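*Asks:* here is my input; please provide its structure:
(chains A and B)
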2 protein chains.
Amino acid sequence: MAMSEIPHVVIVGGGFGGLNAALSLRSAPVRVTLIDRSNHHLFQPLLYQVATAGLAAPDIAAPIRRILRGQDNVTVLMGEVDDIDTAEKTVCFSGSEIPYDHLIVAVGAVNHWFGNDDWAAHAPGLKTIDDALDIRRRILVAFESAERATDPEEQSQWLTFAVVGGGPTGVELAGSIIEVATHALARDFRNFDTQRTKVILIEGGDRILPAFPEDLSQKARAQLAGLGVEVRTGSRVTDITAEGVRLGEELVAARTVLWGAGVKASPLLAALDVPLDRGGRVLVEPDLSIPGHPEVTVIGDAAALKQDDKWVPGVAPAATQGGQHVAGNIRRGLASKLPLPFRYTDKGSLATIGRRAAVADFGRLRFSGFFAWLLWMGVHVLFLIGFRNKAAVMMEWAWAYLTYQRSARVILR
Amino acid sequence: MAMSEIPHVVIVGGGFGGLNAALSLRSAPVRVTLIDRSNHHLFQPLLYQVATAGLAAPDIAAPIRRILRGQDNVTVLMGEVDDIDTAEKTVCFSGSEIPYDHLIVAVGAVNHWFGNDDWAAHAPGLKTIDDALDIRRRILVAFESAERATDPEEQSQWLTFAVVGGGPTGVELAGSIIEVATHALARDFRNFDTQRTKVILIEGGDRILPAFPEDLSQKARAQLAGLGVEVRTGSRVTDITAEGVRLGEELVAARTVLWGAGVKASPLLAALDVPLDRGGRVLVEPDLSIPGHPEVTVIGDAAALKQDDKWVPGVAPAATQGGQHVAGNIRRGLASKLPLPFRYTDKGSLATIGRRAAVADFGRLRFSGFFAWLLWMGVHVLFLIGFRNKAAVMMEWAWAYLTYQRSARVILR
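*Replies:* Numbers count the residues shown, from 1 in each chain, chains lettered A, B, ... in the order given. Just a heads-up that it's a prediction; the model follows:
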């Protein structure tokens, strides 16, 4: 078989979906090209720990080509995909056109301020390593500014952190910031007491962690309150400025505001020229292909699929399973079999709140507190890519647990 | 004694000099304010390892206020010192004026392209963590670009790295880049063989590591050549552009050029209004004070002092000893004793070249190779600040040694 006769699978995106699609095509009779704009696969579930100075960036970012080095049928390219032409079956990449036989679109989501793009400058979101380092810088600089401030009111504003969005990202950020303030930084400043730090978690809906059962939402709220976080549900944000967050008439005066309230699917999906949902996601067929193009599939956060009348959630396991599924369907196609519909298996949900606090939801089995937290740590170390990263992160966590310290308190740029 | 009667020592800079001055004033009857533009003390001797993806930034950067948290007489402020007024005895900092009784200027050096500031964009220097992350990005992006390149000539240019300057920084960078290419990246690319990587070390003088004895320079050169680095001495750089380095008529076509050829003292020193040497350093008195102002001292890379007809070198031990010395003189002054002149004690020099290769100079005792490399590692771990950092760096090095891998291959921004 000549090189050009081997089917060419192009994967756009090296997150959980794209990476697992590539791994599942190991030893399949195809050539695979995986394209990502960054050089690393990012373990997003631990991104908030980079943002709150608990982990270093390399702890949770592994070079994609390093992960796939042993898989000879894969070529990894770093760069931006500018366009997709489903009629010509080409991907436009860095000025050249790459033809494909199968295209797997795993481009994920981007931060989204619901049409208020001017909020972005004051309330950064958390999707990339660079986002995390930016948030880390803002948090650490806020305390540095409080130390320098001579006006008590200005000092209080620097010591107030507003986190918008009561989903897992917002909960993790809020819990971590209060922990950093009350423990890691406790003795480091001379001109104020870090116990004065206020963290306010703002959620528009009537409870935090809305994807979890209601009793766990209540427990998470109690755990956050126990750490010292002020949780405000049913609070609609009307504006975000350099002064803080406006909730209708009220102004929450905070010099640091973080955004965990929303993402939307990547704008690249518009190039597919198929119907999108309100979140910009592609309304995919049951086998994750796009209407009219069985050779093009969309997986992970970029895909919108209903299963048993509920949307498949935008979580890492759904992306991983999607990647494995479309790889399986490509193998079936090569064996002249029809594609199978995708079924997401929910293996349970975990969310961490802070030191010794987390919630776990495994359907009938639900629990919270210390054991949920231990389980959260175990699962997250287990799924980290690379033995070195597992060992490094375990060491960081053991160190942080024993000393209450944060090891990555370095302000970059 | 009222607060205002306690003498106020202001230290500008939290490098080896400033930090050790502060530590040496522990339990002295003074108030100390340490100001630095960044929040961390940087272990500069290992900065090249961050630049070459061997270590993460937090491994070698410790928050200054964390180091000094237990020392109650020290306040740490992060920010830029804009001006110094030696007549009024004030430091101008972030718009406010801070009065001092004693001033220790430990502002170090900055990159310097000898009047060719347009070279800076093409040949970044290595002085800060951000410099290191920029260089890391350039090195890793060069290999990514080589993988994407379709023109073989362009590919060769991406695979050619020119390092300007044969001092320790240039030697470390050159040795590390060739090691990364031939080991860590060896199996990661599909469109070229990383063995094609060329690293060219360009030195204007007649030998590399000119601060070392001539026989060690020769050994270092042989070790670098053994790793695959092309060493070119007696080569004067006449221009640096996006195309590469021009040496008179010849062009070394390299898409990545790194600058290790020169630094000069911080421009802030001009504010002292005293004579500077050609490198911008203050020509200090024998006790490290400035002419006419015994209460102002300059230490580390910012100071120019001759001892036995040789300049005290701009190395970490000289800065450390300077900081300890001026702190000692402040204590003497409080006890109505006269200041002592500074004497630098040279405890020996080490430079690393690459895996299992280094040179060591302890006067009569000189050696090179594996044992010099082991000694280099031991000394550098020993002087790293913080138990966690020592443990983390030892783990990284053990991992790198056993696997030939680099753990920080993440491209930031």
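
*Asks:* hey, which helix or strand in chain A has the poorest pLDDT?
*Replies:* helix A:387-403 (a mean of 89; mean pLDDT, DSSP states H and E).

*Asks:* distance from that helix to the middle of the chain?
*Replies:* Centre-to-centre, helix A:387-403 and its host chain are 21 Å apart (C-alpha atoms, centre = their mean, to the nearest Å).

*Asks:* report all helices and strands that that helix contacts.
*Replies:* Secondary-structure packing of helix A:387-403 (3 or more C-beta pairs under 8 Å, 6 or more residues apart in numbering or on different chains; DSSP states H and E): helix A:370-383, helix B:387-403. From N, CA and C alone the C-beta is placed, and that goes for glycine too.

*Asks:* looking at stretch A:121-139 now, give me its mean pLDDT.
*Replies:* The average pLDDT for stretch A:121-139 rounds to 97.

*Asks:* now swap in stretch A:324-343 and tell me
*Replies:* In this model, stretch A:324-343 has an average pLDDT of 97.

*Asks:* tell me the buried residues in it?
*Replies:* A:Gln324, A:His325, A:Val326, A:Ala327, A:Gly328, A:Asn329, A:Ile330, A:Arg331, A:Gly333, A:Pro339, A:Phe342 (16 or more other C-beta atoms under 10 Å in any protein chain shown).

*Asks:* tell me the spacing between the second one and chain B.
*Replies:* Per C-beta to the nearest C-beta, to the nearest Å, A:His325 is found 26 Å from chain B.

*Asks:* can I assume that residue sits in a strand?
*Replies:* No. Per DSSP: H, G, I helix; E, B strand; the rest coil, A:His325 lies outside any strand segment and is helix.

*Asks:* what helix or strand does A:Ile353 sit in?
*Replies:* Counting by DSSP states H and E, the element that carries A:Ile353 is strand A:349-354.

*Asks:* next one: that strand to chain centre, how far?
*Replies:* For strand A:349-354, the gap between its own C-alpha mean and the chain's C-alpha mean amounts to 14 Å (C-alpha atoms, centre = their mean).

*Asks:* show me the helices in chain A, by range?
*Replies:* Taking DSSP state H as the criterion, chain A carries its helices at A:16-24, A:47-51, A:64-67, A:129-148, A:152-158, A:168-179, A:214-227, A:316-334, A:370-383, A:387-403.

*Asks:* wait, A:Gln324 touches A:Leu19, no?
*Replies:* No. Judged on C-beta atoms under 8 Å, A:Gln324 makes no contact with A:Leu19 at a distance of 10.5 Å.

*Asks:* which neighbours do the two share?
*Replies:* With contacts taken as C-beta atoms under 8 Å, 6 or more residues apart in numbering or on different chains, not a single residue reaches both A:Gln324 and A:Leu19.

*Asks:* got the residues of the stretch 301-413 of chain A near chain B?
*Replies:* With C-beta under 8 Å from any C-beta of the partner chain as the criterion, the stretch 301-413 of chain A meets chain B at residues A:388, A:391-392, A:395, A:399, A:403, A:405, A:407-413.

*Asks:* please read the previous query as pertaining to the stretch 151-300 of chain A.
*Replies:* Within the stretch 151-300 of chain A, the positions lying close to chain B (C-beta under 8 Å from any C-beta) are A:Arg187, A:Asp188, A:Phe189, A:Arg190, A:Asn191.

*Asks:* restricted to buried residues, select these in PyMOL.
*Replies:* The PyMOL selection below is limited to those of those classed as buried (16+ other C-beta under 10 Å):
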select buried, chain A and resi 188+189
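
*Asks:* low-confidence ranges in the stretch 101-250 of chain A?
*Replies:* By pLDDT under 70, the stretch 101-250 of chain A has no low-scoring segment.

*Asks:* any idea which residue sits dead centre in chain A?
*Replies:* A:Gln44 (4.3 Å; C-alpha atoms, centre = their mean).

*Asks:* that residue contacts A:Gly15, correct?
*Replies:* Yes. When contacts are counted by C-beta under 8 Å, A:Gln44 is listed as touching A:Gly15 (7.4 Å).

*Asks:* list phi and psi for A:Arg190.
*Replies:* In terms of degrees, to the nearest 10, the main-chain angles of A:Arg190 are phi -110, psi -30.

*Asks:* close enough to count as contact, it and B:Leu77?
*Replies:* No. Using C-beta under 8 Å, A:Arg190 makes no contact with B:Leu77, being 9.4 Å away.

*Asks:* give me the common contacts of the two.
*Replies:* Common neighbours of A:Arg190 and B:Leu77, counting by C-beta under 8 Å, 6+ apart, are A:Glu147.

*Asks:* quote the end-to-end distance of stretch A:400-413.
*Replies:* One end of stretch A:400-413 to the other measures 25 Å (C-alpha to C-alpha, to the nearest Å).

*Asks:* ok, stretch A:270-289 next?
*Replies:* This stretch, stretch A:270-289, spans 15 Å end to end (C-alpha to C-alpha).

*Asks:* in it, which residues are buried?
*Replies:* Buried residues in stretch A:270-289, counting neighbours by 16+ other C-beta under 10 Å, are found at A:271-272, A:274, A:276, A:279-282, A:284-285, A:287-289.

*Asks:* one more: stretch A:107-124?
*Replies:* A:Val107, A:Gly108, A:Ala109, A:Val110, A:Asn111, A:His112, A:Trp113, A:Trp119, A:His122, A:Ala123, A:Pro124.
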